[in-house]
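Participant: Give me coordinates for this.
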Amino acid sequence: MTFTTHARYLTDGWHEAASTFAVTSPVDGSTYGHAADCGRAEAEAAVTASWQAFEAWRTTSGFERAALLRRWQEAILARSHEIAQVMSAEMGKPVREARGEAAYAAGFIEWYAEEAKRVQGEWLSSHRPGRRALTMRQPVGPAYAVTPWNFPAAMITRKAAPALAAGCTMIVKPAEQAPFTALLLAELWTEVGGPPGTLQVLPASDPVPVTEVMMADARIRKVTFTGSTEVGRLLYRQSADTIKRLSLELGGHAPYLVFDDADIPRAVREVVACKFRNAGQTCVCTNRIYVQAGILETFTDALVEAVSALRVGDPTSEETDVGPLVDQQGLEKVEAHVADAIARGGTVALGGSRGDGLYYQPTVITGVSADMQLMHEETFGPVAPVLSFETEAEAIARANDTPFGLAAYVYTHDLARALRVAEALEYGIVGVNDGVPSVPYAPFGGVKQSGIGREGGPWGIDEYLEVKYVSLGID
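Facilitator: Okay, here's the model as predicted:
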């Protein structure tokens, strides 16, 4: 399969690439297409175009921006099947999931189209009769986004939609594994009338030169990144010289706590949905499944049965539940985690082996101990380790025993327990009886080393707005 229409990049307009890099499909190892390979020169031009566009874009009304965002949303929905096919081919997501992601991506645009009209200030009470005080909220300025390959559409709109709604301009550096989805979204933005320079996309085989330009230039006022904690730390340091606003959505290590009052078939369904979507390659996938001892055997048997029914295959097929891993590095990490678990006494109850190419069989591991690699690192693959616990306090302590704090999950029908545990878990997101809690109108982000800031809902647009205080003497 090939995809050849996007060997270009977008700054103040579409430009032909001086050089390109090959994008390999994880489906069959073929070259899917050749993407523009941007570097320092393209990045410098993009910053200038972004600043020039910002000076005009910031003066448009929220209603104008809302109308344009609505048209972008409608264009994405109209071509959601095509977007899903591109995602599926370039990074391996099953096409049914990819269509869901396209709708999810459009949902962020819909939400922020409404928020654009509600960027409002306040009148404050003044302590003097001859003085009035007010606040206004204004756009931060040009923003730079580095987006991941695992949600190549939604991670762009979750960042770009609030930025554009607030009156900011945005430059996107998409993941090198999945540049074509970003370029297609940008194409739709220009087709519906998005002004030149407001949304730019710079694919690159090496993100370092592009990012160095963005981090050093004071005209880039905001940086938003979704990716590893290691890279997030680096960007945090690099932002210091120009004091940029930062949003960092970093690594996770999500626990799923299943208590003994659970409806086991429903709990298993939620765990499977949480763990195995996108072949386990999401930052909020559960990485540790803790089951109360009294139901451990029953739950594990039901989990193995449910996971064995998942269909592994070509992600472009409607029948596929689990596609390939994105690249060789990801596959090797999964293999290493499983091998380490076995060497330390774990038992493979299901799966535990690779298939052809970049496929790995959905896997359930029992007899898991705290010293295993998969208990300390994100596996980022279709591997479900199952452990037991005795008490609520023990479950909470073990769930919190990690430097990460993005998402956690609880299954219980005890309302008091649900509230106690949700309050005690040191995570930015807690799903109670819900394995897939992310929606455009809710805050998404973590605590501890899982990042800073929130995306989604009204919190998401606040990341792109500054508050200005105006004191007015009228006497």
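Participant: which residues touch residue 154?
Facilitator: Contacts here follow CB atoms under 8 Å, 6 or more residues apart in numbering; on that basis residue 154 touches 101, 104-105, 108. Backbone N, C-alpha and C define where each C-beta goes, glycine included.
Participant: could you redo the last one with a cut-off of 6 Å?
Facilitator: 101, 104-105 (CB atoms under 6 Å, 6 or more residues apart in numbering).
Participant: tell me which of those is nearest to residue 465?
Facilitator: Nearest to residue 465 among these is residue 105, at 22.0 Å by CB to CB.
Participant: Could you look up the SS state of the closest one?
Facilitator: Secondary structure state of residue 105, per DSSP: H, G, I helix; E, B strand; the rest coil, is helix.
Participant: quick one: the helices in this protein?
Facilitator: In order along the chain, the chain carries the following helices (DSSP state H): 40-57, 62-78, 80-91, 95-115, 154-166, 179-191, 207-216, 229-238, 264-276, 296-308, 328-343, 392-400, 415-424, 457-462.
Participant: nearest to residue 289, of those?
Facilitator: The minimum distance between residue 289 and the helices of the chain falls on helix 264-276, with 6.2 Å, by CB to CB.
Participant: Please state the offset of the closest one from the chain centre?
Facilitator: The offset between the C-alpha centroid of helix 264-276 and the centroid of the whole chain comes to 21 Å, using CA atoms, centre = their mean, to the nearest Å.
Participant: most centrally placed residue in this structure?
Facilitator: Within the chain, one residue has its C-alpha closest to the average C-alpha position: by CA atoms, centre = their mean, that is residue 155, at 4.8 Å.
Participant: Return the residues in contact with that residue.
Facilitator: Contact partners of residue 155, counting by CB under 6 Å, 6+ apart, are 147-148, 226.
Participant: Residue 320: neighbour count?
Facilitator: By other CB atoms under 10 Å, the residues close to residue 320 number 21.
Participant: I'd say it and residue 310 touch.
Facilitator: No. Taking CB atoms under 6 Å as the contact criterion, residue 320 and residue 310 are not neighbours in contact, 9.2 Å apart.
Participant: And residue 104, how close does it get to residue 214?
Facilitator: Using CB to CB, to the nearest Å, one obtains 27 Å as the distance from residue 104 to residue 214.
Participant: Residue 237 now?
Facilitator: Look at residue 237 and residue 214: by CB to CB, they are 14 Å apart.
Participant: do residue 327 as well
Facilitator: When CB to CB is the yardstick, residue 327 and residue 214 sit 25 Å from each other.
Participant: Please say which of these two ends up with more neighbours.
Facilitator: residue 214 (29 against 16).
Participant: Report the contact partners of the more buried one.
Facilitator: Taking CB under 6 Å, 6+ apart as the criterion, residue 214 is in contact with 144, 220.
Participant: How much space separates it from residue 43?
Facilitator: According to CB to CB, residue 214 stands 6 Å off from residue 43.
Participant: and if you look at residue 127?
Facilitator: From residue 127 to residue 43 the distance is 49 Å (CB to CB).
Participant: ok, these two, which is more surrounded?
Facilitator: residue 43 (25 against 7).
Participant: That one: what's it in contact with?
Facilitator: Contact partners of residue 43, counting by CB under 6 Å, 6+ apart, are 210, 213.
Participant: Let me know the pLDDT of it.
Facilitator: Here the pLDDT value assigned to residue 43 is 98.
Participant: Just the ones in strands from the contacts of residue 155, please.
Facilitator: Those of the contacts of residue 155 mapping onto strands are residue 226, per DSSP state E.
Participant: Quick one: residues contacting the residue nearest to residue 307 when sequence neighbours are not counted.
Facilitator: If you skip the residues right next to it in sequence, residue 307 has residue 362 as its closest partner in space, 4.9 Å away by CB to CB, 6 or more residues apart in numbering. Counting by CB under 6 Å, 6+ apart, residue 362 touches 276, 307, 310, 322, 351, 382.
Participant: Residue 329 - how many residues pack around it?
Facilitator: For residue 329, the number of neighbouring residues by other CB under 10 Å comes to 9.
Participant: So which of the contacts of residue 362 is the closest to residue 369?
Facilitator: Ranking those by separation from residue 369, with CB to CB as the measure, puts residue 351 on top at 19.2 Å.
Participant: neighbours around the closest one, how many?
Facilitator: 22.
Participant: pretty sure residue 286 contacts residue 257?
Facilitator: No. Judged on CB under 6 Å, residue 286 makes no contact with residue 257 at a distance of 9.7 Å.
Participant: Starting from residue 259, give me the distance back to residue 201.
Facilitator: Using CB to CB, we find residue 201 at a distance of 45 Å from residue 259.
Participant: With residue 226 instead?
Facilitator: Distance from residue 226 to residue 259, counting by CB to CB: 31 Å.
Participant: OK, contacts around residue 466?
Facilitator: Residues in contact with residue 466, defined by CB under 6 Å, 6+ apart, are 138, 140.
Participant: So what sits opposite it in the bridge?
Facilitator: For residue 466, the beta-bridge partners under DSSP bridges are residue 138.
Participant: Begin at 326 from now on, thanks
Facilitator: Sure, I'll start numbering at 326, so the last one becomes residue 791.
Participant: Report the separation between it and residue 444.
Facilitator: With the distance defined as CB to CB, residue 791 ends up 11 Å from residue 444.
Participant: One more: residue 623?
Facilitator: Spatial separation of residue 623 from residue 444 under the definition CB to CB is 52 Å.
Participant: out of these two, which sits in the more crowded spot?
Facilitator: Neighbours of residue 623 and residue 444, each counted by other CB under 10 Å, are more numerous for residue 444; the result is 19 against 14.
Participant: contacting residues for that one?
Facilitator: 387, 462.
Participant: how is the chain carved up into domains?
Facilitator: 333-575+775-798, 579-764 (automatic domain parsing).
Participant: and the end-to-end length of stretch 602-615?
Facilitator: End-to-end distance of stretch 602-615: 19 Å, with CA to CA, to the nearest Å as the criterion.
Participant: who touches it?
Facilitator: Contacting residues not belonging to stretch 602-615 are listed as 418, 475, 577-582, 599-600, 647-648, 650, 703, 705-707, 709, 711-712, 714, 720, 731-732, 734 [CB under 6 Å, 6+ apart].
Participant: What of stretch 655-662?
Facilitator: Stretch 655-662 has contacts (CB under 6 Å, 6+ apart) with 650, 683, 685, 698-699, 704, 706.
Participant: what about 8 Å?
Facilitator: Under the contact criterion CB under 8 Å, 6+ apart, stretch 655-662 has outside partners 606, 650, 679, 683, 685, 697-699, 702, 704-708.
Participant: Great, nothing more from me.
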